[in-house]
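Visitor: Next one to model:
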Amino acid sequence: MFVGTYEGFEEACKELGIECVYRGTDDASAEKEIEIINQFISQGVDGIAVIAADEDALQPVLKQAMDAGIHVVTVDSATNADSRELHVDFADPVEMGRGMFRSAAKACNSEGQITILNGDPRVSLFADFETGIFAEYEENPDLYGNIDLVKEVAYGYDLPDQSTTEAQALIKNYPDTDVIICPTTVAILAAAKIIQDGNLDIKVTGIGLPSEMVSYYDNGICEEMWLWDIYEYGYLTAYSLTALVNGEITGAVGDTVEAGKLGSYTVETREVDGGTMIMMGDGLVFDSSNIKEWSEKL
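Guide: Predicted coordinates for the structure are as follows:
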C-alpha cells in the first residue's frame, strides 16, 4: 500500500521538477525510522514525509531535522504535534473507525459478537481507528444493544505472520465471533484467509486493498470495507511538503495548498493533538457494487 502512495508522491514530484527518494524497511519500528531519518539529515534533504511507527519516539530526531532547516510532514500515521510542521490525512480516522463498526453491525444484522484485530498499538492511526470503533458502539446503545463488542483487542503489529497468529487466537478465544474488524490491510487479508481456509461462518470488514480482497467479496467473507485513494494521497503529500519547502505555507491554520490536479486544500486544526493538518477527503467505501472496478486501480 505504501508503494502506491509513493507512486503518487513521485508523480507530483515529477510535475514539480523535484527529486524524491523513497526509503522503507520491513521492520516497521521507530528505531529503523530513526536510522533512515538520520541518513536524510546527513544528506541535507529539503523535506521529509514520514509515516510514523511511533507517535512520540521520533520527536528528538525530527526536531533535529527541523532545527537543521529540513521541513517535516507526517503522512498516514502522525507523530505528536511537536514533531512535525503539518500532517496530511486521508480522512478522519476516528470517523472512519465509526464507519467500520457500522459495516460490521450491518454484516451481522446488528446482532452477535464483534472482535477487533488491529495493527500496532503504538501507531496513532491504528489507535484513532480503534477510538472510533468503540465510540460508535458505546454512544449508540439503542442501535447496538444486541451486539457484544469484545473489549480485548488483538494486535498483529501489521506483520503478516503475527496477524495470522493473532487472528487464529482471536477466533479460538472467541468462538462466537460473527465479524472481525481489521483496521489494517495486513490484518484483514490474514483474517479473511483463515476464515476461508477453515470454512468458518465469520465475516471481516475494516481497511483493505480491493486488489487483495476482491475474491473475499465473491465468497461472501467481506461485504464492505474502507480505504482511500492511496495514489492521490501521495500526490497531495508531495504538493504539501513542497509548499512548506518553498515557503508558500508555514503549516498554520488557514494556509492554502495548491495541489495540482487535486485542487486547493486548506490547513486546519487537528483536534486530536492540537497540531495542524490537511484533510484529503472522506475515504472510500467498497462493496459489491464497486469492488471489481476498484480492484483494477488499488
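Visitor: could you say which helix or strand contains Val179?
Guide: Assessed by DSSP states H and E, Val179 sits inside strand 177-182.
Visitor: Given that strand, what are its sheet partners and their directions?
Guide: With DSSP bridges as the test, strand 177-182 is paired with strand 112-118 (parallel), strand 203-206 (parallel).
Visitor: any chance you could map the strands in the stretch 1-150 of the chain?
Guide: For the stretch 1-150 of the chain, the strands defined by DSSP state E, counting those that start in this stretch occupy 47-50, 71-75, 86-89, 112-118, 147-149.
Visitor: closest to Leu16 out of those strands?
Guide: Comparison of the strands of the stretch 1-150 of the chain against Leu16 by Cβ to Cβ identifies strand 47-50 as nearest, at 11.4 Å. Every C-beta, even on glycine, is put in place using the N, C-alpha and C of the backbone.
Visitor: coming back round to it: would you list the strands of the stretch 1-150 of the chain in TSV and tack on mean neighbour count?
Guide: Output for the strands of the stretch 1-150 of the chain, formatted as TSV (neighbours: other Cβ atoms under 10 Å):
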stretch	mean neighbour count
strand 47-50	23
strand 71-75	26
strand 86-89	27
strand 112-118	23
strand 147-149	19
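Visitor: Quick check: end-to-end length of stretch 81-88?
Guide: This stretch, stretch 81-88, spans 12 Å end to end (Cα to Cα, to the nearest Å).
Visitor: In contact with the spatially most central residue of the chain, which residues?
Guide: In the chain, the centroid-proximal residue (Cα atoms, centre = their mean) is Asp76; its distance is 5.1 Å. By Cβ atoms under 8 Å, 6 or more residues apart in numbering, the contact list for Asp76 reads Phe2, Thr5, Ile51, Phe90, Leu125, Tyr233.
Visitor: again, 6 Å this time
Guide: Ile51 (Cβ atoms under 6 Å, 6 or more residues apart in numbering).
Visitor: Kindly report the same for the one 4 residues further on.
Guide: Contact criterion Cβ under 6 Å, 6+ apart gives Glu55, Asp56 as the residues in contact with Asn80.
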